[in-house]
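Asker: Build the 3D model from these lines:
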Amino acid sequence: MTTQASAAPSFHVLQYKYVPDILEKRTPFREAHLSKAGEKAAQGRIVLGGALAEPVDSALFVWKNSTTEEIEEFVKADPYILNGLVTDWSIRPYMVMIGQ
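Answerer: A predicted model of the protein is given here:
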């Protein structure tokens, strides 16, 4: 009997750098931002996401089995991006060694 090994999942990290005072400025856009990220989480694409604290100046999203192009589409439609709350962003492959 032969078995086909499934391919290991691939991961990417999307990092946002926020404007100063993001906690105050995000309020009108937060629900829409979380909704869009929640859709990707429900699809199994975003497996973790959240802001880095002390200070809150950036955020990380861990994407699973997604292409760079798919992540870029998410970024271009994100209310935080569209409303100038993100000063810079990057997408990088993430080589997971422990956990999944």
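Asker: wait, what's in contact with residue 10?
Answerer: 64-66, 93 (Cβ atoms under 8 Å, 6 or more residues apart in numbering). Every C-beta, even on glycine, is put in place using the N, C-alpha and C of the backbone.
Asker: okay, how far is it across stretch 48-56, tip to tip?
Answerer: By Cα to Cα, to the nearest Å, the extent of stretch 48-56 from end to end equals 17 Å.
Asker: so is the residue nearest to the spatial centre of the chain in a helix, a strand, or just coil?
Answerer: Nearest to the geometric centre of the chain sits residue 61, at 2.9 Å (Cα atoms, centre = their mean). On the three-state scheme (DSSP: H, G, I helix; E, B strand; the rest coil), residue 61 is labelled strand.
Asker: Could you do residue 95 as well?
Answerer: Put simply, residue 95 is coil when judged by three-state DSSP.
Asker: Could I get the pLDDT score of it?
Answerer: The per-residue pLDDT reported for residue 95 equals 95.
Asker: Identify the residues contacting the closest residue to it other than its chain neighbours.
Answerer: Among residues not flanking residue 95 along the chain, residue 11 sits closest, at 7.6 Å (Cβ to Cβ, 6 or more residues apart in numbering). With contacts defined as Cβ under 8 Å, 6+ apart, residue 11 is in contact with 47, 62-64, 93-96.
Asker: Let's see if you can find the most crowded of these.
Answerer: Tallying neighbours with other Cβ atoms under 10 Å puts residue 63 at the head of these, with 24 neighbours.
Asker: Need the nearest residue in space to that one, chain neighbours excluded.
Answerer: Here the residue nearest residue 63, using Cβ to Cβ, 6+ apart, is residue 12, at 4.5 Å.
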